[in-house]
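Quick one, what's the 3D model for this:
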Amino acid sequence: MVEDEQAVIEWSEFKILSITPTEARVAQPAVSPDGRQISILIEGLTARTDITAQATAASILVGSITPKIPARSTWSAMRADFRGQAVLTNGARTTIQLGLGRASDSQTLTTPLPCGENNVEILRSLYSPVEATLPDSESGEVTYGAITISIMVTVASTGPESAALVEFDSIDLDLWTR
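Model (predicted):
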């Protein structure tokens, strides 16, 4: 008996809707063989302040990508792991807002580190349900909406000796299907 070929999820291009700083780049996502997991690599998405520069800075990435789910599969939920690092010295502060999905499924992380040299690895996971149309009455096909992913980072130096650097370098997206 031959098993049915496994359904493979196909992806659109990752569309950048907004990015700051302008030199930040997003590589073409790496996709697992079955298409259920993708990694989006980011370069230059940093927010930095230091003694000689401005006291506040921000970085923003908002993008969307659309999966094409095979007809014999049902997409039920998704998870995104956002990865980065932060170095905050002498009271510098950061606010990080992460978003996944099309609704208000987002988290806000505020990380004040009061003094000294602190290097914090950032790994935050967001979960989101799926938004889909009802099955077409003739074809039975279900249409799924685009996935919107956002990262917004602000940093602030609180005095002449404080400095901050926050950078995000990747997003791993995992789709749950049945």
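
pLDDT below threshold where in the protein?
Low-confidence segments of the chain (pLDDT under 70): 1-6, 53, 102-118.

all helices of it, in order?
Using DSSP state H, the chain contains no helices.

measure stretch 29-42 end to end?
Stretch 29-42 has an end-to-end distance of 10 Å (CA to CA, to the nearest Å).

For it, buried residues please.
By neighbour count on 16 or more other CB atoms under 10 Å, the buried set for stretch 29-42 is 29, 31, 35-38, 40, 42. Bear in mind the C-beta positions are built from the backbone N, C-alpha and C, glycine included.

give me the beta-bridge partners of A156?
T56, R93 (DSSP bridges).

That one: how many residues sit nearby?
A156 has 20 neighbouring residues, counting by other CB atoms under 10 Å.

For it, give me its contacts.
For A156, the contact set (CB atoms under 8 Å, 6 or more residues apart in numbering) comprises 49, 55-56, 92-94, 164.

And R72, by the same measure?
Contacts of R72 (CB under 8 Å, 6+ apart): A7.

what about it, distance to A7?
R72 sits 6 Å away from A7, going by CB to CB, to the nearest Å.
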